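# Everything below, folded, please.
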Amino acid sequence: MSFTAEVRDELARCEPTCEYCGLATLAALTRVCGTLSIVGPGHYRLSVATETGAVARTMIALTHSVLKLKTEFTVRRSVLHKVRNYLITLPDQPGLDKALVLLGILNRKGGLVRGVPRHVVSRPCCRLSYIRGAIIAGGFVADPRGDFHLEVAVQGEDLARALADLIEQTGVHARVNARRSAHAVYLKSATDICRLLESVGAKRSVRDIQDARAMKSVKNEVNRRVNAEVANQTRSAGAAQHQLELIAELEARGLRDQLPEALAAFCDLREAHPDLSLRDLGEVCTPPLSKSALYHRVLRLEKLLAEA
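Next up, the predicted model:
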């Protein structure tokens with residue numbers, strides 16, 4: 001099961017806070033993944049097609065408990081994608097027209113509602129339920145072991161902006177991006193994603209994200225330290241090679257036997273330990289010397305060659 005499916009399944013099992021929360025969740029489900037058909041003057045048919053069992057279960061349960069309407073349920077299997085496709089249909093029936101107004105799909109004059117109607121999200125708990133329904137219906141949550149990303153794909157910019165405003169009211173900043181045939185309300189921050197999912201009831205999913213985030217942090221720190229160590233070793237190896245070349249040049253010019261005792265001792269030590277950094281080289285000296293003291297001797301060698 002994908003991480004998105006796990007999040008949807010967890011949200012679908014959340015209990016409503018008040019008696020109107022179920023209506024808000026159902027309203028979001030139908031707006032995000034529903035299709036409204038007009039079958040005659042004042043007669044409608046509402047269909048919801050989904051590949052997610054959580055959407056199908058929630059849609060059927062809330063339609064029966066909140067709207068008291070009958071549903072038709074069809075399970076189809078895609079030969080191409082080898083997945084199940086669920087089709088939930090609310091056929092034309094008495095009370096469907098009023099239910100569409102209650103859900104905020106139609107206004108009282110029979111026109112389509114473009115955004116989110118106020119009566120559906122008038123309470124804070126109902127606003128969270130609407131967001132929850134939108135995530136169940138059209139949400140995508142990336143596997144936290146990869147990138148952190150949450151988005152909800154909806155039809156129409158007005159609905160996308162309204163959904164983003166609802167999310168903003170939870171203290172989370174959401175952005176809207178236009179797609180070819182839809183709009184996406186999305187979050188990129190792991191902190192914002194956790195805050196939103198926790199507010200709508202996906203506490204188990206939040207723990208999974210936090211665990212993955214902690215693991216990423218540990219891996220990044222390990223990689224940073226390894227990279228820093230490799231870089232240090234590369235620099236040390238380059239510096240040691242440069243010092244060996246200085247010694248070889250001194251010997252080629254016949255200057256090595258004329259070196260002061262301290263510089264001669266450094267040359268012998270470097271040749272005996274060609275792989276050590278200056279700091280480590282100083283520790284094997286008797287008595288031990290600092291990195292700065294040895295570096296000063298390297299500078300003196302360079303100066304001798306420059307003046308020769």
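# what about Val176, which SS state?
Look at Val176: counting by DSSP: H, G, I helix; E, B strand; the rest coil, its state is strand.
# I am assuming it contacts Asp158, so please confirm or correct that.
No. Counting by CB atoms under 8 Å, Val176 does not reach Asp158; the two are 10.6 Å apart. For the C-beta atoms, the positions are set from N, CA and C on the backbone; glycine is no exception.
# where along the stretch 51-200 of the chain do the helices fall?
Using DSSP state H, counting those that start in this stretch, the helices of the stretch 51-200 of the chain run over residues 53-62, 96-102, 124-138, 157-168, 190-199.
# May I see those helices organised as TSV, with distance to Thr4 and mean neighbour count added?
Compiled in TSV, those are given as follows (distance: least, CB to CB, whole Å; neighbours: other CB atoms under 10 Å):
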stretch	distance to Thr4	mean neighbour count
helix 53-62	10	20
helix 96-102	28	18
helix 124-138	9	25
helix 157-168	17	20
helix 190-199	12	20
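# In TSV: those helices, plus distance to Ser290.
TSV is the format used below for the helices of the stretch 51-200 of the chain (distance: least, CB to CB, whole Å):
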stretch	distance to Ser290
helix 53-62	66
helix 96-102	81
helix 124-138	61
helix 157-168	58
helix 190-199	44
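# Take the ones you listed and write them to CSV, including mean pLDDT and distance to Arg31.
What follows is the helices of the stretch 51-200 of the chain, written out as CSV (pLDDT from 0 to 100; distance: least, CB to CB, whole Å):
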stretch, mean pLDDT, distance to Arg31
helix 53-62, 88, 12
helix 96-102, 93, 11
helix 124-138, 94, 8
helix 157-168, 94, 6
helix 190-199, 93, 19
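# Quick check: closest non-adjacent residue to Glu271.
Computed as CB to CB, 6 or more residues apart in numbering, the closest residue to Glu271 that is not its neighbour in sequence is Ile247, at 6.6 Å.
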